[in-house]
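build me a model:
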Amino acid sequence: MIENLKPLYNATLRPVAKILHAMGLTPNGVTLVGTGISILAAPWIATGRWKTGMAFVVIGSLFDGLDGVLAREYDQKTKFGSILDSVCDRVTEIAWFGGLIWYYLLCTTQTTQVYGVTISFIALSLSVMVSYIKARCEGAGVTCNKGFMQRPERIIALCLLLLIGKQYMLYGLAALSVLAGITMVQRLLTAHRNCTHSA
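Residues are numbered from 1 along each chain as shown. Below you'll find the predicted structure:
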């Protein structure tokens, strides 16, 4: 869904990428900086200060987009850069949802603990699986980059949930889990179709 806005997103980040390039930063360096900023969201989320956590998610995600723009604009794309970017994307998602799991572990009511930890874990697992299918397909030379709830959509959904507050979080995570599950099936079907056509 958000994929259609990628040209506009890239055009917006291009001037910033130019500044970073002039400063001597490499795409891998930008990836690591963005990952560090994103991980800083976790303790804020874990302690219930969700708006501050959301700010770190947003800033870290902007850096996550900048590394790709920098690599493409200045011909610095490498295989290792792609691997590093993919690994760091998973690390940040684990940190964010891990923060939510920790938050719900500290809740005073047992019911909220159980539902919160369970739904957060399911959302994390399905989110990672959506990305894993894409990475596995790319490793096998199979095109599979579509789906309803890709990483940009998941980041936007998480930011909105962190912004609107705790009373909606579990419902939002449940919806995110369902949509991520649907996306996982979409990608598996796409992979199967593309593998069959290339056989």
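
can you find the helix or strand of this structure with the lowest average pLDDT?
Every helix and strand in the chain was compared by mean pLDDT, DSSP states H and E; the lowest is helix 6-22, with a mean of 79.

dump it to CSV, restricted to CA.
Included here for helix 6-22 are C-alpha records, laid out as CSV according to Å, rounded to 0.1, in the frame of the first residue of the first chain:
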residue,chain,number,x,y,z
LYS,A,6,8.0,5.5,-2.3
PRO,A,7,9.0,7.9,-5.2
LEU,A,8,7.7,10.8,-3.1
TYR,A,9,9.4,9.5,0.0
ASN,A,10,12.7,9.1,-1.8
ALA,A,11,12.4,12.6,-3.3
THR,A,12,11.8,14.1,0.1
LEU,A,13,14.8,12.3,1.7
ARG,A,14,17.2,13.0,-1.2
PRO,A,15,18.4,16.5,0.1
VAL,A,16,19.1,15.0,3.5
ALA,A,17,21.0,12.1,1.9
LYS,A,18,23.1,14.7,0.0
ILE,A,19,24.0,16.3,3.3
LEU,A,20,24.9,13.0,4.9
HIS,A,21,27.1,12.1,1.9
ALA,A,22,28.9,15.4,2.2
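
from the contact counts, what lies against the helix or strand following that helix?
Using DSSP states H and E, the helix or strand that follows helix 6-22 towards the C-terminus is helix 27-39. For helix 27-39, the elements it packs on are helix 50-73, helix 79-105, judged by 3 or more CB pairs under 8 Å, 6 or more residues apart in numbering; DSSP states H and E. From N, CA and C alone the C-beta is placed, and that goes for glycine too.
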